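Undergrad: give me the fold of what follows.
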Amino acid sequence: MRGSRIPGLILAGILVISIAAPAAADSRTPLAGHTPDFVRHGHRLGEADPAQTMDVTLWLQPQAGLDALAAAVTDPSSPQFDKFLSPEQVTDQFAPSPATYRQVESYLRAQGLHVTDEAANRMYIAASGTAAQVESAFAVSLGQYQVGGQTVVANDGDPSLPAALAGAVAAVGGLDGAAAAHPNVQPRDSNHPAPHQDALCDGVAPSGTPGYVPCPYTPQTLAAATGLGHVGASGAQQTIAIVDAYGSPTLVPDLGAFDATFGLQGARLRQVGRTTTSNDPNAGVLGWQVETTLDVEWAHAFAPAAPIDLYVAPNANDGPLFRAVDQIVATRAAHLISLSWDDYEAALPTAELHALNEIFAAAAVEGIGVAVAAGDCGDESSAFCGAGVTTVDFPASSPWVTAVGGVSLLPGKPVTPWGSSICVQTQVVDEGLPACPASIFEYGGGGGISSTFAAPIWQAGKTARSLPDISLDADPYTGAWVAFHGQYGAVGGTSLAAPTFTGVMALADQVARRPHGLATPWLYLRGGGAIHDVLARTDSARFAESSGNVDLIGFGSDQGLTAGPGWDDATGLGFPDGAQLINAIK
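TA: Residues are numbered from 1 along each chain as shown. Down below sits the predicted model:
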């Protein structure tokens, strides 16, 4: 379920700047890299309503050295490897001074804006006001634009600030009304009100028939397929944080039903932020509800004893989502974070990309491992499910996160890259399907080369950040059960791969008796034989829709991405054997 194009958000944090007296009103400095790409070639409908309420987030400039330290603590050849700082140390060494922070706040209030959120680590300031107040505060004009079938408000050019303040601000988020995240969850055509596990597959017709798409995985069968059948750990005392938008009003009963159906111990779930909704038909609230439920249920399924903290943003705009991530990092509320949403890197202004990346650099310095879904549309060039241009997704493209891609796990078959194609049939065929006139690419694991970020040290031989890093089951046709709104459905997407990988790392941290922090250097340098190389293979199976139609599903052909020996842009390093990986990196 993919939302409309909604670019990314902003963060950055920290730079010690001495700001003297306020500059003269006419002494302003432009903040480059803020103009959305669609403004340059999009359809402008007119001026923004000056009375419209807007929410903005100012991500403050970090002091020099944060990225260098992030590189050192994640480089096994560095004497600083694995020597993490506390959140307080990060704030003391890299945050802007309290005086600088107060001066930026004072400026916003003087412009009539209301400060709505302050960062514990002084990484951001959030504020709200009318469009007219925002235009005045940042000396920028706002227009209405037609973007992807929606009307959004966006800045016509780069904003500016008084010269004495401009150096303290890395980026201003919220000016681009199209900037919002989309979840990476893909439901399969199946909903069953089955109260017992044994009855679930009865509704998957024709269940168990050779040549048909299999019954979805349960926690036990997917754990076994991922090599976790006898790992001897449960994730005890390893807190996992999940960030999603809107939440789900039925999450608690759904999670209880999931646990009861599959014989899991009760989850220790804490929600931070209220469950919300939206009357905007373009908000994709239902997709976020499925996303939230999937993330919690499957992180819990792989690490059943790990406490889960769910941070719920009030909407899918970049500001609230990334502020929630920063909230976790500011206090190290968890040492594992799972994110199943993203936006197209090519759609995000460069200032925002670099500013947001700093929150993940801070996470790496603190020893927090962040896993991010790599996307569900291959290289995103498909107009059906992607951006219509080749790009990777952010924050998966950050060098300070683990980008989790997707594979297809047909039982008894070799693992294939996740790339689903479908040939829709119009009637049930008892003996064989007629030849497909044309197969249509539906979805596939995300990957590619970043156009913004350099390659980290563990991606030897590459000049730019390349993703994914590793891949787990993500194909909805080889997907997993989710209890949602009182029913059971089969889902996939890298939204399944990210929380299950996070569950694997919770087990690894428990076995090692310490947090690994960023997982990627461990994967590249110590994964070895514990990660199975996924080669280019294709397969097919029939799928019986609830409507009675029978489709032919193709496996293994991703959009614009190709698997091969070693690292590849379709599956990264490959598919892990969970128990072997845990032992290899302990």
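
Undergrad: so where's this protein uncertain?
TA: 1-26, 189-199, 202-208, 425-438 (pLDDT under 70).

Undergrad: please repeat the previous calculation with a cut-off of 50.
TA: By pLDDT under 50, the weakly predicted segments of the chain are 1-25, 428-431.

Undergrad: and residue 171, bridged to which residues?
TA: Beta bridges link residue 171 to residue 59 when assigned by DSSP bridges.

Undergrad: pretty sure it contacts residue 59?
TA: Yes - taking contacts as CB atoms under 8 Å, residue 171 lies within contact range of residue 59: 4.8 Å. (C-beta placed from N, C-alpha, C; glycine too.)

Undergrad: and those two? Which one has more around it.
TA: Shown here are residue 171 and residue 59; by other CB atoms under 10 Å, residue 59 has more neighbours (32 against 28).

Undergrad: residue contacts, residue 145?
TA: Residue 145 is in contact with 38, 39, 42, 43, 44, 45, 151, 152, 153, 154, 178, counting by CB atoms under 8 Å, 6 or more residues apart in numbering.

Undergrad: keep only those of these that are in helices.
TA: Using DSSP state H, the members of the contacts of residue 145 that fall in helices are 38, 39.

Undergrad: helices along the stretch 301-450 of the chain, start to end?
TA: With DSSP state H, counting those that start in this stretch applied, the stretch 301-450 of the chain shows helices at 318-331, 350-365, listed in chain order.

Undergrad: mind putting those into a markdown table with mean neighbour count and distance to residue 525?
TA: As requested, the helices of the stretch 301-450 of the chain are exported to a markdown table (neighbours: other CB atoms under 10 Å; distance: least, CB to CB, whole Å):
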| stretch | mean neighbour count | distance to residue 525 |
| --- | --- | --- |
| helix 318-331 | 25 | 25 |
| helix 350-365 | 27 | 16 |
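
Undergrad: and of these, who's closest to residue 81?
TA: helix 350-365 (11.5 Å; CB to CB).

Undergrad: next, the angle from that closest one to helix 318-331.
TA: Interaxial angle of helix 350-365 relative to helix 318-331 (axes from the mean of the first three to the mean of the last three CA atoms, to 10 degrees): 20 degrees.

Undergrad: picking that back up, columns distance to residue 106 on top of the helices of the stretch 301-450 of the chain, output as CSV?
TA: Converted to CSV, the helices of the stretch 301-450 of the chain look like this (distance: least, CB to CB, whole Å):
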stretch, distance to residue 106
helix 318-331, 20
helix 350-365, 21
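
Undergrad: what helix or strand is the closest residue to residue 367 other than its chain neighbours on?
TA: Leaving aside its sequence neighbours, residue 367 sits nearest to residue 84 (CB to CB, 6 or more residues apart in numbering; 3.4 Å). Secondary structure here is read from DSSP states H and E; on that basis residue 84 sits in neither a helix nor a strand.

Undergrad: quick check, residue 84 in contact with residue 73.
TA: Yes - here residue 84 reaches residue 73: they are 6.1 Å apart, a contact under CB under 8 Å.

Undergrad: does the closest residue to residue 379 other than its chain neighbours belong to a helix, a strand or coil?
TA: The shortest distance from residue 379 to any non-neighbouring residue, by CB to CB, 6+ apart, is to residue 560 (3.3 Å). When classified by DSSP: H, G, I helix; E, B strand; the rest coil, residue 560 comes out as coil.

Undergrad: give me the neighbour count for residue 560.
TA: Residue 560 has 19 neighbouring residues, counting by other CB under 10 Å.

Undergrad: mind listing what it touches?
TA: Neighbours of residue 560 in contact, by CB under 8 Å, 6+ apart: 378, 379, 381, 390, 448.

Undergrad: so the first one touches residue 421, yeah?
TA: When you say that, I think you mean residue 378. No - using CB under 8 Å as the test, residue 378 is too far from residue 421 to be in contact (11.3 Å).

Undergrad: what about those two, which has more around it?
TA: residue 378 (27 against 22).

Undergrad: nearest residue to that one other than its sequence neighbours?
TA: Leaving aside its sequence neighbours, residue 378 sits nearest to residue 559 (CB to CB, 6+ apart; 2.9 Å).

Undergrad: make CSV from the contacts of residue 145 and add neighbour count and distance to residue 109 to it.
TA: Formatted as CSV, the contacts of residue 145 follow (neighbours: other CB atoms under 10 Å; distance: CB to CB, whole Å):
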residue, neighbour count, distance to residue 109
38, 20, 32
39, 19, 29
42, 17, 33
43, 10, 36
44, 13, 31
45, 12, 32
151, 14, 30
152, 24, 27
153, 20, 23
154, 23, 25
178, 24, 28
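
Undergrad: out of the contacts of residue 145, the closest to residue 574 would be?
TA: Taking CB to CB as the measure, residue 574 sits nearest to residue 178 out of the contacts of residue 145, at 35.4 Å.

Undergrad: my read is that the closest one contacts residue 36, right?
TA: Yes - counting by CB under 8 Å, residue 178 does reach residue 36; the two are 6.7 Å apart.

Undergrad: how near is the residue nearest to residue 379 to residue 345?
TA: Distance, residue 560 to residue 345, by CB to CB, to the nearest Å: 15 Å.

Undergrad: cool, and residue 392?
TA: The gap separating residue 392 from residue 345 is 5 Å, by CB to CB.

Undergrad: ok, the residue lying closest to residue 232 once chain neighbours are set aside - contacts?
TA: In this structure, residue 232 finds its nearest non-sequential neighbour in residue 511, 7.7 Å apart by CB to CB, 6+ apart. By CB under 8 Å, 6+ apart, the contact list for residue 511 reads 231, 232, 233, 582, 583, 586.

Undergrad: correct me if wrong, but residue 511 is in a strand.
TA: No - the assignment for residue 511 (three-state DSSP) gives helix, which keeps it out of a strand.
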